[in-house]
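> Starting from these lines, generate the structure:
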Amino acid sequence: MLCKTNCATCIGLKVVEVTVEADISRGIGIQLVGLPDNAVRESLTRVLTAIKSYGYSIPGKRIIVNMAPADIKKQGSSFDLAIAIALICAIGETEPPRLSNHIFMGELALDGSIRDVSGALPVAVYARDEGFEGCVLPYESAKEAVDIEGVNIYGVKCLADVLRIVQQEDCRDLLMLRSNLIVEQTPLHNMPDFCYVKGQQHAKRGFEIAAAGGHNLILIGSPGCGKTLMASCMPSILPLMSVDESIETSKIYSVAGKSIGSYGLLKARPFRTPHNSASRVSLLGGGPDALPGEISLAHNGVLYLDEIAQFSKSTLDLLRQPLEDGKIVISRARYRIEYPCSYMMVSSMNPCPCGYYGDPSGRCTCTPTMVDNYMARISGPMMDRIDMHIFVERVAAKELTDDKQAESSEAIAKRVAKARKIQLERYKGEEGVFTNSRMSTEMLTKYCSIRSAERYFLQKLIEKLQLSARAYSRVLKLARTIADLAGEKDINRAFISEAVQYRSLDRHEK
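Coordinates of the predicted model:
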C-alpha cells in the first residue's frame, strides 16, 4: 500500500514542501530515492529500529521510500519523522485523514524519542500560510513556534505522541501554548543602561541620534574611555521589534540552529559581537550548508565590531555592499540564497597603534605616519558608509567620581521611539524603508528639502570641509533625524550644524 506524509526543508529562509511516499509491495529490499544526502540515507536504519521498538514488525517485502520533488537535494535528519509515519501507515495498510493536512518534522533516536531540528519556525509559518491544520515538531523545536497563530503547533517527545495525533486521539496536552504578546514584554532590564556611563554627553547624544534614525556609527578613542560599554548599551534604547520583525529575525536564528530563548519568538533586538579574527564565512554566511553569518544574525539589531581596525581589510570591504543593500546573496551551483541583513553597525577603534594619540596623558609613542597608516586600515568607501564619526575622550576624574546618576536608557528610549514613530508614518508608502538611514537618493529630495538660506549654509560647509557626495547625503539624513528628535518638520541651520559635527573624518578644511 502507498502512504504519503508531508515534511519540509529550508533552503535559506525559503521553505520547500517535501512529500514522503512509502510503498510496500511484493519483492525484497529497502530503497530510499528522491536525491537524499548521506544523512537522509542513514535515516532508514534509525527509522526502522525506532518502529521496531514500538512493536511494529517490518514485513519481508520490497519497501520503497520516495521523497518528492526529486530535483531538490534532501539534507539533514529532519525527515525521519515523516518517513516513520509513512512506513507505519503503509505497514498497517491505513491512511488516517490527518496525514494530508499536517507537516511532520523531527529526528528519531533508536528508542523512538524525537530530537530537535533546525528550521522549525520557518516551517511552522509555511504551514500556516499554506493552510495546513497542524505542524508536528520536536518539543524543544516547537518552543520557537508557539507565537505563530492560525495553525496547531504540536510539541512531541516520542513516536507514541505522534501516533496519538495521527490516530486522532485526544492530544490537547501536546498543543504548544501561545506566549504573551510581544509588545507586553520588555528586555530592557537585562541590558546595560546608559545611566551607568559617566560623562560622555557628546557620545551619548550621538547614540541617541543613531538609534533614532538607524544610522551606523564609529567610536574613536583611547583604551578605557567607555567605547565598549556605550556600544553594549545601544540595544537598551532601541524600540522593541514589531511582530513581523520578530518573526523575520527568529526565522534566521532557527535556520542557523541558534537558540532563540526559553520559548516563543526572539523579543530583544540582536546584538552580535564577532571577534576581529572572524573569517569571511562567519561574518557574511556560507559554508557547506549556506548558513547565515553574523551580519544576518544581527538583522533588525546591532552588529558591533570592536577594534574594527584589527579586522582583515578585505573582510571589511566585503561588508560594504550588504551594509548598503540590507541583504546578502550566497550563490551555489543549483540555487541562490538571500538572507536579510538590515542592521545598525556600531564599531570602535583606537586612534593609533598604541591607542593614546591625542590623549591628555601624552602617552602616545606613534609617529604621524604610523597614525595615518593605522586609520587607513579602514578603506575610504567603507568609512563613507558609516554615518557618524564620534571621538570619545577620557572622562575627567571629577565626573568619574560623581555619585549623580546619568540619564537612564529608558528616558532616551522614549525620545527614540517618538522619532521612530514619525519616520514610520513618513515612510508608510515606501517599500522596505522604515528609518531615515534607509532613504534613497530620490527620497532625499522628497523628505529632506531645505529652505534657500539653509541650502546656502550647507553649500558653504561642503566647500569648506570638502565633503564627498555620499557625505552630503549622510549629513542630510542625520539632520532629518535630529529634526525628528526635536519634533520639527523643517531642517534648520542648527540641525545641519550638529549633523556635520558627526562627519569629522571627512573634513579636509581649506
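> lowest-confidence helix or strand of this structure?
Least confident helix or strand, the chain: helix 397-400 with a mean of 80, by mean pLDDT, DSSP states H and E.
> low-scoring pLDDT stretches of the stretch 101-250 of the chain, where are they?
177-190 (pLDDT under 70).
> any idea where the strands of the stretch 151-300 of the chain begin and end?
152-156, 217-221, 271-272, 285-286, 291-292 (DSSP state E, counting those that start in this stretch).
> Any chance of CSV for those strands, columns distance to Arg115 and mean neighbour count?
Yep, even glycine has a C-beta here, placed from its N, CA and C like the rest. Formatted as CSV, those follow (distance: least, Cβ to Cβ, whole Å; neighbours: other Cβ atoms under 10 Å):
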stretch, distance to Arg115, mean neighbour count
strand 152-156, 11, 23
strand 217-221, 43, 24
strand 271-272, 27, 20
strand 285-286, 25, 22
strand 291-292, 19, 24
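> Which one, of those, ends up nearest to Met176?
Smallest distance to Met176 across the strands of the stretch 151-300 of the chain (Cβ to Cβ): 4.5 Å, for strand 152-156.
> what helices or strands is the closest one leaning on?
Counting contacts by 3 or more Cβ pairs under 8 Å, 6 or more residues apart in numbering; DSSP states H and E, strand 152-156 packs against strand 134-138, helix 139-142, helix 159-166.
> need the ones you listed in TSV with distance to Tyr56, can you?
Conversion of those to TSV gives the following (distance: least, Cβ to Cβ, whole Å):
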stretch	distance to Tyr56
strand 134-138	19
helix 139-142	23
helix 159-166	10
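> among these, which is the most enclosed?
Most buried of the helices and strands packed on strand 152-156 by mean neighbour count (mean count of other Cβ atoms under 10 Å) is strand 134-138; its value is a mean of 26.
> And that one, how far out from the chain middle?
24 Å (Cα atoms, centre = their mean, to the nearest Å).
> Dump it to PDB, restricted to CA.
In PDB, the C-alpha atoms belonging to strand 134-138 read as follows (Å, rounded to 0.1, in the frame of the first residue of the first chain):
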ATOM      1  CA  GLY A 134      -1.200  21.400  12.100                       C
ATOM      2  CA  CYS A 135       2.600  21.100  12.400                       C
ATOM      3  CA  VAL A 136       4.200  18.300  14.400                       C
ATOM      4  CA  LEU A 137       7.600  19.300  15.700                       C
ATOM      5  CA  PRO A 138      10.100  18.100  18.300                       C
END
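> Neighbouring strands of that strand in the sheet, and parallel or not?
strand 102-104 (parallel), strand 152-156 (parallel) (DSSP bridges).
> Which stretches in the stretch 1-150 of the chain count as helices?
Applying DSSP state H, counting those that start in this stretch to the stretch 1-150 of the chain gives helices spanning 38-53, 80-91, 120-129, 139-142.
> So which elements touch the last one?
Packed against helix 139-142 by the contact rule (3+ Cβ pairs under 8 Å, 6+ apart) you find strand 152-156.
> one step back: need the strands paired with strand 134-138 in TSV with distance to Lys227, can you?
What follows is those, written out as TSV (distance: least, Cβ to Cβ, whole Å):
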stretch	distance to Lys227
strand 102-104	47
strand 152-156	43
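> Out of the ones you listed, flag the one nearest Tyr374.
Nearest of these to Tyr374, taken as Cβ to Cβ: strand 152-156 at 52.6 Å.
> Run through who's touching the closest one.
Strand 152-156 has contacts (Cβ atoms under 8 Å, 6 or more residues apart in numbering) with 106, 114, 124, 133-143, 145-146, 161-162, 165, 171, 174-176.
> and if we set it to 6 Å?
Contact with strand 152-156 is made by Ile114, Ala124, Gly134, Cys135, Val136, Tyr139, Ala142, Ala145, Val162, Ile165, Leu174, Met176, as judged by Cβ atoms under 6 Å, 6 or more residues apart in numbering.
> again with stretch 107-121
10, 46-47, 49-50, 53-54, 77-78, 80, 84, 106, 137-138, 140-141, 144-145, 156, 158-159, 250-251, 254-255, 257.
> re the thing from before, just the helices of the stretch 1-150 of the chain: most buried one?
Across the helices of the stretch 1-150 of the chain, the average number of neighbours (mean count of other Cβ under 10 Å) peaks for helix 80-91, which reaches a mean of 26.
> So what's the gap between that one and the chain middle?
Computed by Cα atoms, centre = their mean, the chain-centroid distance of helix 80-91 equals 35 Å.
> and the angle from that helix to strand 152-156?
Per axes from the mean of the first three to the mean of the last three Cα atoms, to 10 degrees, the angle that helix 80-91 makes with strand 152-156 is 90 degrees.
> Helix 80-91 - contacts with which helices or strands?
strand 2-11, strand 14-25, helix 38-53, strand 102-104, strand 107-108 (3 or more Cβ pairs under 6 Å, 6 or more residues apart in numbering; DSSP states H and E).
> Out of the helices and strands packed on strand 152-156, which gets nearest to Met241?
That would be, of the helices and strands packed on strand 152-156 and by Cβ to Cβ, helix 139-142, which comes in at 21.2 Å.
> gap between the two ends of stretch 480-490?
One end of stretch 480-490 sits 8 Å from the other (Cα to Cα, to the nearest Å).
> Actually, stretch 149-163.
Across stretch 149-163, first to last residue, Cα to Cα, it's 24 Å.
> sorry, back to before: quick one: which of the strands of the stretch 151-300 of the chain is nearest Lys489?
strand 217-221 (25.2 Å).
> what's the closest one in contact with?
Under Cβ under 6 Å, 6+ apart, the answer for strand 217-221 is 210, 227, 346-349, 351, 386, 388-392.
> re the thing from before, and which of the contacts of strand 152-156 is nearest Ile63?
Val162 (19.6 Å).
> Which residue comes closest to the closest one once chain neighbours are left out?
Spatial nearest neighbour of Val162, excluding adjacent residues (Cβ to Cβ, 6 or more residues apart in numbering): Val156 at 5.2 Å.
> Kindly report the same for Ile28.
Arg62 (5.9 Å).
> and the one you found, how far is that from Glu410?
For Arg62, the distance to Glu410 (Cβ to Cβ, to the nearest Å) stands at 68 Å.
> Kindly report the same for Lys61.
For Lys61 relative to Glu410 (Cβ to Cβ), the value is 68 Å.
> ok, Glu324 - how many residues close by?
Other residues near Glu324 number 10, with proximity taken as other Cβ atoms under 10 Å.
> correction: Asp506
Counted with other Cβ under 10 Å, Asp506 comes out at 21.
> That one and Ala471 touch, don't they?
Yes - taking contacts as Cβ atoms under 6 Å, Asp506 lies within contact range of Ala471: 4.6 Å.
> Great, nothing more from me.
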